[in-house]
Structure formats: C-alpha cells, structure tokens
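Colleague: here's a sequence, model it:
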Amino acid sequence: MKKKKKNVFIYPEKITEAFDGADFHIRYCLSFIKRYLYGDILEVGAGCGSFTRHYMSKKIFSTTLTERDKKNISTLNKKFKINKKINIVNKDVKNFDKKFDAILYLHVLEHIKNDHSEIKAATQRLKKNGFLIILVPAHSKMYGNLDRIVGHYRRYELDFFKNKFKSLRQIDLKFLDSSGYALYFLNKMLFKKEKYPSKFKIFVWDKFFTPISIILDFILRYKLGKGILAVYKKY
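Modeller: Residues are numbered from 1 along each chain as shown. Take a look at the predicted model:
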C-alpha cells in the first residue's frame, strides 16, 4: 500500500488500473458535467487518466492534470504524449498562478486530509463564473476496509456539500449509482477481509449494474446512490 505525502494519499495502481476499464460508469458520471467543461481545465489527482480521456473536446483549450504518484505520471505522459493541449504536473492547487474555467476532483477529495482548505484553495484558482466539480464516495456508515486500504479519510454525506463555501454558488447536488450502493453494502458485509475488488467484480458492476443505475437513479430522482456529485459556480 502506498504512503501519504503531504496531506495527499497516493492511490494504489492496482485500483487505478482496475477502475480504468469502468467506461460505462465514467461516461455516466461525465454526462452530468460535460456542459461545464470548456476553456482551461484543471483535473486534480488524475490517476491514469480514466476520466480525462472521456471528456476531451474542442471546447477545451487546455487541460492541466496533477498527480503525485510517479507511476501514474509516467502513465499519463505515455497516454497523452501526442496531445499538446494536456499538461501533466506534480503540483498542489494552491501553488498554481494560473486560473481555470473548471477544476475537477473526481474521486479525489476523500484522499485529502483537509478538504475544506483544499476547496478554499481551488476556489481561489477559479476564474469568475468558473466551475468546481466534485465526485466523492457517499455514506459515512459505509466506510470500511477498502476505504482504509485505498487511503480514504472519509466518505461523505450531503450535509457537507450543503455548507456555504465562500464565493461559490451550488448549482447541482445529487446521488449517483443506486445499484452500486446495494452492491457495495453487500460486498462489505460478505467480504469483510477483501482488500481490493477484483477486475471481474468491477466489470460486472460497470457493464451490468451501471445501466440499471442510470434508470433507477432517474426514477429515484437522484436521492440514493454510492457516490455524490456536487457542482459549484464561482461568483
């Protein structure tokens, strides 16, 4: 298991690579946020580029990816070496001079010890009318062995995102992946000592249960799910 560095957990490559194949889930999550992605984008903790490769478009002028893990940085450099619009750096948000039209934390904020300070720093790096987009695991009561192993400081409740963050106006807040919620709960109960979900489990969840979640989430009006998506606009 990787160690923490300066408040940021380095995500294990085994999980990063396994999740990289969850295309249905990734595209589903991105379907709610692509409208906000244009101009200059900053994706914090890009991993091996699982989300990045799906949201690139002509509307985006430049994309900056931050990473702390050397293997992930190497993977990102290989994956996007021919894309001149993508810049890969090992850098904290607070250390950027440049401002961005959107800043993304996609399954990343839960790895950061002081999340309030991180949101404050990200807000300062947003342009006026820019978007802060956050996707995190939901439900504190579901925190378990897997969360500890992969370096999650916490899982989130909606109340955290109902807080009023300075200079930010919330424009979207919803649960996603309702069927994934049931699967995660059952997996936690039945496989208490499991360290990482197998590629087969991720395949089944992504290819068979994500399509079910798309329908269920809509029916449930996004009131239940394994993850929380929050979108803010800077005023």
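Colleague: thought residue 98 was touching residue 39?
Modeller: No. If you go by C-beta atoms under 8 Å, residue 98 and residue 39 don't touch, sitting 11.5 Å apart. (C-beta placed from N, C-alpha, C; glycine too.)
Colleague: looking at those two, which is more packed in?
Modeller: Neighbour count, other C-beta atoms under 10 Å: between residue 98 and residue 39, residue 39 has more, with 14 against 11.
Colleague: excluding its backbone neighbours, what's nearest the more buried one?
Modeller: Nearest residue to residue 39, sequence neighbours excluded (C-beta to C-beta, 6 or more residues apart in numbering): residue 101, at 3.4 Å.
Colleague: what about the one you found, how many residues nearby?
Modeller: Residue 101 has 22 nearby residues by other C-beta under 10 Å.
Colleague: which phi and psi does it have?
Modeller: Phi and psi for residue 101, reported as degrees, to the nearest 10, are phi -80, psi -20.
Colleague: just checking, it touches residue 63?
Modeller: No. Between residue 101 and residue 63 there is no contact under C-beta under 8 Å: 10.7 Å.
Colleague: any common contacting residues for these two?
Modeller: With contacts taken as C-beta atoms under 8 Å, 6 or more residues apart in numbering, the residues that reach both residue 101 and residue 63 are 40, 41.
Colleague: and residue 189, which of the three is it?
Modeller: Recorded secondary structure, residue 189: helix (DSSP: H, G, I helix; E, B strand; the rest coil).
Colleague: what's the spacing between it and residue 145?
Modeller: 12 Å (C-beta to C-beta, to the nearest Å).
Colleague: with residue 118 instead?
Modeller: 25 Å.
Colleague: just residue 66 next, same as before
Modeller: Following C-beta to C-beta, the distance that separates residue 66 from residue 145 is 28 Å.
Colleague: so where's the protein uncertain?
Modeller: Where the chain drops to pLDDT under 70, the residues are 1-18, 190-196.
Colleague: return the backbone torsion pair for the residue positioned nearest the centre of it.
Modeller: In the chain, the centroid-proximal residue (C-alpha atoms, centre = their mean) is residue 106; its distance is 1.3 Å. Recorded main-chain torsions at residue 106 are phi -110, psi 100, according to degrees, to the nearest 10.
Colleague: ditto for residue 27
Modeller: Backbone geometry at residue 27, expressed as degrees, to the nearest 10, gives phi -70, psi -40.
Colleague: list the contacts for it?
Modeller: residue 54.
Colleague: what residues are shared contacts of residue 98 and residue 39?
Modeller: In contact with both residue 98 and residue 39: no residue, using C-beta under 8 Å, 6+ apart.
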